[in-house]
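In: What follows is a predicted structure for the sequence shown.
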Amino acid sequence: PEFQKVHHDGKTTLWVVFVIMLVASIIFTGMSWSIPISKRLYHILTTLITIIATISYFAMATGHGVTWHHIKAVEQHDHGLPDTTRDIYRQVYWARYVDWALTTPLLLLDLAFLAGMNGGTILIAIVADVTMILTGLFAAFGSETTGQKWGWYAIACIAYLVIIFQLVLNGRTASLAKGSNVSKFFISIAAFTLIVWTAYPVIWGVADGGRHISVDGEIIAYAVLDILAKPIFGIWLLVTHSRMPETNVEL
Ligand code: RET
């Protein structure tokens, strides 16, 4: 059988991202201590997001939160020969899904509060989000020969479309009521979010799904996306919030 596993580059990347998430968490904590507790909602959300990522990267860097997934890969041959299968074992970092199940709802809350979305709309987006991550986890451990893998992937993509729909339609409309500064900022940061988030299922498809990328390559690709989606998103949100009093929320 073939074994696809993490090597030196992947391990180094996991430690580097652990440090970045830790430093971001310390900076965000410092930023939240410099303002009154009543105004810390975005700071608390954003800091929780990087703290959870720090913990998840600690797990992965030390070799936790990962397991072997056995795949029976079907191979087709020319000249009317029958199909054969090949055993592949690939490491799956399930710790990511635990991280995403907690942090993506918090990221959505950041955006939802910024836009001033209503409770029902927020609830739909959050439930769709948790559904997306859990069905994505099932996809990661699904068999290729039963249709489970890409079936779960398709279901996760539908859930993702529900999130996009809520943000693009209800989020944008709600943000207009908060004035043009807030709505312009919401549109920019939501567009950034959509681009970064959409890269996750693409990476999943070529790495986890299609196995066209090594385990190390997968770790590096998700590392870049995680840094954009969490610390970069967070600093952009908190700095803009501090300059734009209209973004304040009463909660
Ligand atoms: C999966 C695979 C199944 C199909 C889809 C996915 C989407 C994942 C997303 C993840 C976002 C993660 C973020 C992490 C924060 O750092 C589960 C990969 C649609 C959108 C933003």
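Out: Perfect, I can see it now. Numbering: from 1, shown residues only.
In: averaged over its residues, what pLDDT does stretch 53-65 have?
Out: For stretch 53-65, mean pLDDT is 98.
In: same check, this time on stretch 166-176
Out: On average, stretch 166-176 scores 96.
In: list the buried ones in it?
Out: Neighbour-count burial for stretch 166-176, counted by 16 or more other C-beta atoms under 10 Å, picks out Gln166, Leu167, Asn170, Gly171, Ala174, Ser175. Placement of C-beta: from N, CA and C, glycine included.
In: Was I right to think the third one contacts Gly120?
Out: No. In terms of C-beta atoms under 8 Å, Asn170 does not count as a neighbour of Gly120; the distance is 9.1 Å.
In: Considering the buried residues of stretch 166-176, which is situated nearest to the ligand?
Out: Relative to the ligand, the closest of the buried residues of stretch 166-176 is Leu167; by C-beta to the nearest ligand atom it sits at 12.0 Å.
In: who touches the closest one in this structure?
Out: Contacts here follow C-beta atoms under 8 Å, 6 or more residues apart in numbering; on that basis Leu167 touches Leu108, Leu111, Ala115, Ala125, Ala190, Thr193, Leu194.
In: Skip the chain neighbours and tell me the closest residue to the residue of the chain found nearest the ligand.
Out: As assessed by C-beta to the nearest ligand atom, the ligand sits closest to Gly136 within the chain, at 2.4 Å. Of all residues not flanking Gly136 in the chain, Ala156 sits nearest, at 4.4 Å (C-beta to C-beta, 6 or more residues apart in numbering).
In: Would you verify that the one you found is located in a helix?
Out: Yes. According to DSSP: H, G, I helix; E, B strand; the rest coil, Ala156 belongs to a helix.
In: per-residue confidence at it?
Out: So Ala156 comes in at 98 (pLDDT).
In: Then Ala73?
Out: On pLDDT, Ala73 comes in at 89.
In: same deal with Thr146?
Out: Looking at Thr146, its pLDDT is 88.
In: ok, now Leu123?
Out: Looking at Leu123, its pLDDT reads 98.
In: Any chance of the backbone angles for it?
Out: Main-chain dihedrals, Leu123, degrees, to the nearest 10: phi -60, psi -40.
In: likewise Thr84?
Out: Residue torsions, per degrees, to the nearest 10, at Thr84 are phi -120, psi 170.
In: contacting residues for it?
Out: Taking C-beta under 8 Å, 6+ apart, we find Thr84 in contact with Val74, Glu75, His77.
In: In helices, which of these appear?
Out: With DSSP state H as the criterion, helices contain none of these.
In: most surrounded residue in the residues you listed?
Out: Using other C-beta atoms under 10 Å as the neighbour criterion, Val74 leads those with 11 neighbours.
In: ok, that residue touching Lys149?
Out: No. Counting by C-beta under 8 Å, Val74 does not reach Lys149; the two are 11.9 Å apart.
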